[in-house]
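Chemist: model this:
(one chain, ligands or ions: 2)
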Amino acid sequence: MILTHATVATLDQSAALLSDSAIVLEGNRIAWVGPMEALPAGGERVDLGGRLVTPGLIDCHTHLVHGGDRAREFEMRLNGASYEEVARAGGGIVSTVRATRDATEADLLATALPRLDQMLAEGVTTVEVKSGYGLTVADELKMLRVARALERERPVTVHTSLLAAHAVPPEYAGRADAYVDEVCIPALHAAHAEHLVDSVDGFCEGIAFSPDQIDRVFTAARSLGLPVRLHAEQLSNLGGAALAARHGALSADHLEYLDEAGAIAMAGAGTVAVILPGAFYTLRETKLPPIDLLRRHGVRMAVATDCNPGTAPMTSLTLAMNMACTLFRMTPDEVLAGVTTHAAAALGLSDRGRVAPGQRADLAIWNARHPAELSYRIGATPLYARIHGGRLDT
Ligand code: DI6
Ligand code: FE
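Modeler: Numbering: from 1, shown residues only. Ligands and ions are numbered 1, 2, ... in the order given. Model (predicted):
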């Protein structure tokens, strides 16, 4: 297939936009990118009439698979209920854990697919999906199996992360260390044996797991050769980003409370900063992630939805791009890199995220002329077509 008369944001080295260009696809790879006048005759051509082509978008941080929702809890809070009243009414993260445990794999797949479809409709071609609402070995594996199943149901690539260290479940209240030993680490071995896990995540926070507990999970992950990533410095600074960097983490995510020592550690390890404006917005957080600090130290920044029922009930990656610009003052070029090449780096994938020969033929074609339009519009879905692995789907 040859895409002709395209405007191409290659994300390759320079930020330059190629006008009136062609992209030659061979199988599931990009074979050639260049100006129309250099394109030899022949081939099955698709005229894009000047439309913008970007790499397929990559949502590198989601909790897409989960049971139930928290809409009633959202409503209770807005009607004045306190956090405690919401918790007593069975709300909060434990309600999602209960709903996820009660769901079958088929139930979880059926509720995840519409959310995934919303992402695909915005040009997503690779999505990361975490476990973390099962919190038993069997339920964590169940979530990961559903995440893998998504890839068989839709033209998308799924990267799975085991997030057993997400919350301490009620039956382990006050016994987080026992939960790490009896659930997190056994789940890691079991998921690895079943080829269900591509990376290992954790939530390092006062309300979740301490740096020492995360360190034990990460040490176990790395002994199996699995890369790690971490929810770090979201609500406070426990030095999670530096801990992640010491383990050569692919990413450290959220980072509102990151300090300079953490940014320096991330830069040294090549750890990507995953910026999640949807959770910032939903929590009405006021502490901004230190974007300037990350820029200054040359830490690559990705942008993702964090799609989860509690703190980011969103499936729109283009809305996350808009929020990253408006709330965090990131530039449209930075956020486009954040959902393509830097998001690929956050997943340890070097075969995608750029429009260049040899890269996977994962592309998004837009009813737009300039990349800034993608982060500028609110609530618009200017996708014209999506190509995953060389296959066009409109
Ligand atoms: N950080 C978050 O914002 C979510 N998880 C995490 O580690 C919250 C998850 C939830 O409330 O369901
Ligand atoms: Fe998250």
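Chemist: helix/strand/coil for His5?
Modeler: strand (DSSP: H, G, I helix; E, B strand; the rest coil).
Chemist: wait, Pro155
Modeler: Per three-state DSSP, Pro155 ends up coil.
Chemist: and the pLDDT for the nearest residue to it once chain neighbours are set aside?
Modeler: Closest residue in space to Pro155, ignoring its immediate chain neighbours: His388 at 4.2 Å, by C-beta to C-beta, 6 or more residues apart in numbering. No exception for glycine: its C-beta is placed from N, CA and C like everyone else's. At His388, the pLDDT value in this model is 98.
Chemist: so His388 touches Asp362, yeah?
Modeler: Yes: His388 is within contact range of Asp362, at 5.6 Å (criterion: C-beta atoms under 8 Å).
Chemist: which neighbours do the two share?
Modeler: 56, 125, 157 (C-beta atoms under 8 Å, 6 or more residues apart in numbering).
Chemist: pull the contacting residues for the residue of the stretch 251-394 of the chain at minimum distance from ligand 1.
Modeler: The minimum distance from the stretch 251-394 of the chain to ligand 1, using C-beta to the nearest ligand atom, falls at Gly310 (2.1 Å). Gly310 makes contact with 70, 92-93, 96, according to C-beta under 8 Å, 6+ apart.
Chemist: ok, and of the residues you listed, which contact ligand 1?
Modeler: 93, 96 (C-beta under 6 Å from any ligand atom).
Chemist: neighbour count, distance to Glu26 and secondary structure for the contacts of Gly310 - can I get that in JSON lines?
Modeler: Below are the contacts of Gly310 laid out as JSON lines (neighbours: other C-beta atoms under 10 Å; distance: C-beta to C-beta, whole Å; DSSP: H, G, I helix; E, B strand; the rest coil):
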{"residue": "Arg70", "neighbour count": "22", "distance to Glu26": "46", "secondary structure": "coil"}
{"residue": "Gly92", "neighbour count": "16", "distance to Glu26": "50", "secondary structure": "coil"}
{"residue": "Ile93", "neighbour count": "23", "distance to Glu26": "46", "secondary structure": "helix"}
{"residue": "Thr96", "neighbour count": "23", "distance to Glu26": "44", "secondary structure": "helix"}
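Chemist: need the max-distance pair from the contacts of Gly310.
Modeler: Arg70 and Ile93 (8.9 Å; C-beta to C-beta).
Chemist: isn't His247 up against Arg222?
Modeler: Yes: in this structure His247 lies within contact range of Arg222 using C-beta under 8 Å: 6.2 Å.
Chemist: about what we covered before: out of the shared contacts of His388 and Asp362, who's nearest Asp351?
Modeler: Thr157 (9.9 Å).
Chemist: and that closest one, how many neighbours?
Modeler: 21 (other C-beta atoms under 10 Å).
Chemist: and the chain, which residues reach ligand 1?
Modeler: Counting by C-beta under 6 Å from any ligand atom, the chain sits next to ligand 1 at 93, 96, 166, 203, 231, 234, 279, 308-311.
Chemist: can we see that at 8 Å?
Modeler: 63, 66, 70, 92-93, 96, 132-133, 163, 166-167, 203, 205, 208, 231, 234, 254, 276, 279, 283, 306, 308-312 (C-beta under 8 Å from any ligand atom).
Chemist: do you know how far Met119 is from ligand 1?
Modeler: Relative to ligand 1, Met119 is positioned 18 Å away (C-beta to the nearest ligand atom, to the nearest Å).
Chemist: from memory that residue sits against Thr315, does it?
Modeler: Yes: Met119 lies in contact with Thr315 (C-beta under 8 Å); the separation is 5.5 Å.
Chemist: the closest residue to ligand 1 within the stretch 1-150 of the chain and Pro309, how far apart?
Modeler: Nearest to ligand 1 in the stretch 1-150 of the chain, going by C-beta to the nearest ligand atom, is Ile93, at a distance of 4.4 Å. Separation of Ile93 from Pro309 (C-beta to C-beta, to the nearest Å) stands at 9 Å.
Chemist: could I have the buried ones of the residues of the chain next to ligand 1 as PyMOL selection syntax?
Modeler: Buried subset of those, written as a PyMOL selection, criterion 16 or more other C-beta atoms under 10 Å:
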select buried, resi 63+66+70+92+93+96+132+133+163+166+167+203+205+208+231+234+254+276+279+306+308+309+310+311+312
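Chemist: return the subset of the residues of the chain next to ligand 1 lying in strands.
Modeler: 163, 231, 254 (DSSP state E).
Chemist: make CSV out of those residues and add pLDDT.
Modeler: Output for these, formatted as CSV (pLDDT from 0 to 100):
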residue, pLDDT
Leu163, 98
His231, 98
His254, 98
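Chemist: please convert the residues you listed to a markdown table, extending it with distance to Gly80.
Modeler: Converted to a markdown table, those look like this (distance: C-beta to C-beta, whole Å):
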| residue | distance to Gly80 |
| --- | --- |
| Leu163 | 32 |
| His231 | 29 |
| His254 | 28 |
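Chemist: what is the nearest of those to Ala38?
Modeler: Nearest to Ala38, judged by C-beta to C-beta, of these is His254 at 44.6 Å.
Chemist: please name the bridge partners of that closest one.
Modeler: Counting by DSSP bridges, His254 forms beta bridges with Ala232.
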